[in-house]
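Asker: the following block contains a protein sequence and its predicted model.
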Amino acid sequence: VLENISYHPKRAYTFLKRVMDILIAFVLGTVSLLAYPLVALAIKLEDGGPIFIIQERVGKEGELIQLHKFRTMQTNDVNKPTLEDDPRITRVGEFLRQSRIDELPQLWAVVLGRLSLVGPRPELPHFVEEYRKSIPLYDVRHIIPPGLSGWAQIRYDVPAYSVETNAKKLAYELYYIKNRSFFLDLRIALKTIKTLLSRRGI
């Protein structure tokens, strides 16, 4: 796979994908604004804390990007991964996570070009630094914009909090980078929709 990965952009595909990202994310983002007051009210009623959190993630070419999400935890400790049955997750936050409503604000990051709808999921900077030292060619995943959903999420549904699991996850991401196309993006999108409708996290 590595021998055949092109570091040059697929210009027609990249342009059309960007157009589709903007159109789809703008429409979905606009419609999702209807849910914002209800989500904000639910978060405030539970503990009175902030509605949104802002996280730094590593984007294309290693650039740091800021992403907004609805707050789902009592604290926002970026140094600790979120685990299953994490006690920091609020009751409202649990529903937001299962339904993926917490990620709706990230649609505007897609419109702005920080994210794509499909691509490798962006990681926290301190995790990236760790994986760079331990996983060969880890930075190859950063030659394209990160995405809201990706091939690794639908094919390797395992929490990737260790070097070993991230090395396996990277193999799926490299497969996507090598074979990225509208057909593969559509397959990922349909699988993601199926997952969301079944209320399984990805």
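Answerer: Yep, it's here. Numbers count the residues shown, from 1 in each chain.

Asker: please make it C-alpha for all contacts and neighbour counts, starting now.
Answerer: Fine.

Asker: any regions of the protein where pLDDT drops low?
Answerer: 1-9, 76-81, 84, 159-160, 199-202 (pLDDT under 70).

Asker: where do the helices sit along the protein?
Answerer: Under the criterion DSSP state H, helices of the chain are mapped to 11-32, 36-47, 91-99, 107-112, 125-134, 151-155, 163-179, 182-197.

Asker: would you turn those into TSV with mean neighbour count and distance to Ile143?
Answerer: Converted to TSV, the helices of the chain look like this (neighbours: other C-alpha atoms under 10 Å; distance: least, C-alpha to C-alpha, whole Å):
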stretch	mean neighbour count	distance to Ile143
helix 11-32	15	12
helix 36-47	14	33
helix 91-99	17	28
helix 107-112	22	17
helix 125-134	15	14
helix 151-155	21	16
helix 163-179	18	8
helix 182-197	15	17
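
Asker: export the ones you listed as TSV, with columns for distance to Gly62.
Answerer: Formatted as TSV, those follow (distance: least, C-alpha to C-alpha, whole Å):
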stretch	distance to Gly62
helix 11-32	19
helix 36-47	31
helix 91-99	27
helix 107-112	16
helix 125-134	9
helix 151-155	19
helix 163-179	16
helix 182-197	22
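
Asker: was I right to think Arg97 contacts Thr72?
Answerer: Yes. The pair Arg97 / Thr72 is scored as a contact, 7.2 Å apart, by C-alpha atoms under 8 Å.

Asker: what's the neighbour count on Thr75?
Answerer: Residues within reach of Thr75, counting by other C-alpha atoms under 10 Å, total 12.

Asker: that one and Glu56, how far apart?
Answerer: Noted for Thr75: a distance of 16 Å to Glu56, by C-alpha to C-alpha, to the nearest Å.

Asker: ok, now Tyr175?
Answerer: To Glu56, Tyr175 is 26 Å away according to C-alpha to C-alpha.

Asker: what's the answer for Ala152, then?
Answerer: 21 Å.

Asker: check Gln106 too.
Answerer: Distance, Gln106 to Glu56, using C-alpha to C-alpha: 12 Å.

Asker: shared neighbours of the two, anything?
Answerer: Leu67 (C-alpha atoms under 8 Å, 6 or more residues apart in numbering).

Asker: the two: who's more crowded?
Answerer: Gln106 (23 against 16).

Asker: so the more buried one touches His68, yeah?
Answerer: Yes. The pair Gln106 / His68 is scored as a contact, 5.9 Å apart, by C-alpha under 8 Å.
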